[in-house]
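Student: fold the following and give me the result.
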Amino acid sequence: MQIQLLLSQKEQTQQLTKGVHSLNEKMQLMMEQLILEKQDRFGRSSEKMDDRYQIRFMEVDGKIVFFNEAEAVCDLEAAEPDDLETKPSKSKKQAGKKDKDISRLTIHVIPHYITEEELIAEFGENGWKQLPDVISRQYRFVSAKVEVSEHHIGVYSSKTDGHMIKAPHPRPLLHGSLVSVSLGAAIMNGKYVNAVPLYQLEQEFTRYGLAVNRQCMANWMIRLGEEYLAILYDYLHQPLYSYHVIQADETPVLVNKDGQPAGSKSYMWYYCPGYMYPDRRIILYEYQRTRNASHPRTFLKNYSGICVTDGYQVYHTVEKELEDLSIAGGLGTRPQTI
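Tutor: Okay, here's the model as predicted:
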């Protein structure tokens with residue numbers, strides 16, 4: 001009788017837990033819908049949202065976007081712009097208003113010397129010798145600026161058979177694109193390190209005289225990720241596998257433009273070393289549409305050691321299939337997500 005009572009209580013507890021999770025998910029969706037309706041009601045149609053909501057999601061053209069703003073905004077079929085320079089305004093200048101010239105702020109060395117006449121007055125004719133300069137340094141903050149690197153590549157043609165050659169020159173960061181290493185790094189740093197939305201980066205670059213819209217930046221982020229960062233991501237698997245203890249978990253995310261209905265739940269899986277390895281923190285994120293065992297099975301197939309998880313059953317399923325993998329429960333906290 002007591003056993004049946006305990007089983008009944010356990011079943012009720014499980015049902016209550018599932019109910020709480022379901023209510024939390026519904027509450028989150030209702031909050032998102034409420035915020036979106038509030039924005040529509042008061043005329044806020046851009047992705048710009050109240051700061052307290054920026055951490056989790058934002059709105060792009062009337063749709064909620066979470067971590068994947070670049071994927072939601074990009075259009076890889078769109079043509080690259082011919083130039084990125086802002087066009088001067090045609091409005092007339094206000095009378096008496098001086099033009100602001102900031103080009104003189106690029107001076108780095110400021111000389112301070114005494115004239116020969118002053119030295120003669122002080123020491124007499126040929127009565128001095130110049131010693132090494134005393135260097136006085138102050139560290140200044142120089143505002144960011146945009147410059148154009150224009151490569152003039154020599155082209156040569158034979159007078160006899162007409163064949164041509166070009167002078168050696170660096171290949172562009174992305175084929176057919178105006179983006180440079182420094183510009184791409186600035187956008188990545190702003191978007192993914194400082195969590196600045198692309199629309200704000202677009203406004204900031206406009207102030208610097210650079211007319212680059214958020215769709216163009218989104219395209220660059222996708223292409224740079226695929227052509228460059230994917231290599232680094234694959235490489236980091238090996239040092240992660242070298243740790244005897246790692247952690248794994250998955251968290252639900254909502255994305256747009258993923259080939260699924262709007263608002264569909266997907267998952268961000270992450271893998272990182274255990275907390276006993278604080279010096280070299282490697283956190284690898286893996287976006288997947290589902291939460292099934294095939295994802296950790298693929299990721300952990302070459303790992304030999306202990307993987308600490310939250311007890312989700314799929315990890316134990318994978319453990320039975322992989323001889324060198326041991327699953328341990330008790331994962332209580334997660335590393336900071338993007």
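
Student: for stretch 155-173, buried residues please.
Tutor: Leu173 (16 or more other CB atoms under 10 Å). Every residue, glycine included, has its C-beta placed from N, CA and C.

Student: mind checking the end-to-end distance for it?
Tutor: End-to-end distance for stretch 155-173: 21 Å, by CA to CA, to the nearest Å.

Student: for it, what is the distance to the chain centroid?
Tutor: Relative to its parent chain, stretch 155-173 has a centroid offset of 38 Å by CA atoms, centre = their mean, to the nearest Å.

Student: show me the contact partners of it.
Tutor: Outside of stretch 155-173, the residues within contact range by CB atoms under 8 Å, 6 or more residues apart in numbering are 151, 153-154, 179-181, 184, 224.

Student: could you dump those to JSON lines with secondary structure and pLDDT?
Tutor: JSON lines is the format used below for these (DSSP: H, G, I helix; E, B strand; the rest coil; pLDDT from 0 to 100):
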{"residue": "His151", "secondary structure": "coil", "pLDDT": "91"}
{"residue": "Ile153", "secondary structure": "coil", "pLDDT": "92"}
{"residue": "Gly154", "secondary structure": "coil", "pLDDT": "93"}
{"residue": "Val179", "secondary structure": "coil", "pLDDT": "94"}
{"residue": "Ser180", "secondary structure": "coil", "pLDDT": "94"}
{"residue": "Val181", "secondary structure": "helix", "pLDDT": "94"}
{"residue": "Gly184", "secondary structure": "helix", "pLDDT": "95"}
{"residue": "Leu224", "secondary structure": "helix", "pLDDT": "95"}
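
Student: and these as CSV, adding distance to Ser304 and neighbour count?
Tutor: Converted to CSV, these look like this (distance: CB to CB, whole Å; neighbours: other CB atoms under 10 Å):
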residue, distance to Ser304, neighbour count
His151, 49, 8
Ile153, 51, 8
Gly154, 55, 9
Val179, 41, 22
Ser180, 42, 16
Val181, 37, 12
Gly184, 37, 19
Leu224, 33, 21
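
Student: now the helix or strand hosting Thr13: average pLDDT?
Tutor: For Thr13, the host element (DSSP states H and E) is helix 2-41. Here helix 2-41 scores 65 as its mean pLDDT.

Student: can you show me the strands along the chain?
Tutor: Counting by DSSP state E, the segments of the chain that form strands are 58-60, 63-65, 155-157, 164-166, 245-254, 265-273, 284-288, 305-308, 325-328.

Student: which one, of these, ends up nearest to Ser143?
Tutor: strand 58-60 (26.8 Å; CB to CB).

Student: ok, back up a step: which members of the contacts of stretch 155-173 are the farthest-apart pair?
Tutor: Using CB to CB, the contacts of stretch 155-173 reach their maximum pairwise distance at Gly154 and Leu224, which is 29.1 Å.

Student: which pLDDT value goes with Glu118?
Tutor: Per-residue pLDDT puts Glu118 at 90.

Student: mind listing what it touches?
Tutor: No contacts exist for Glu118 under CB under 8 Å, 6+ apart.

Student: tell me the contacts of Phe205?
Tutor: Residues near Phe205 by CB under 8 Å, 6+ apart: 146, 211-212.

Student: ok, and the most crowded of those?
Tutor: Most neighbours among those, by other CB atoms under 10 Å: Val212, with 22 neighbours.

Student: how near is that residue to Arg280?
Tutor: Val212 is 35 Å from Arg280, where distance means CB to CB, to the nearest Å.

Student: over to Leu325?
Tutor: 21 Å.

Student: ok, those two, which is more surrounded?
Tutor: Using other CB under 10 Å as the criterion, Leu325 and Arg280 rank with Leu325 on top: 20 against 10.

Student: write down the beta-bridge partners of that one, one by one.
Tutor: Counting by DSSP bridges, Leu325 is bridged to Gly305.
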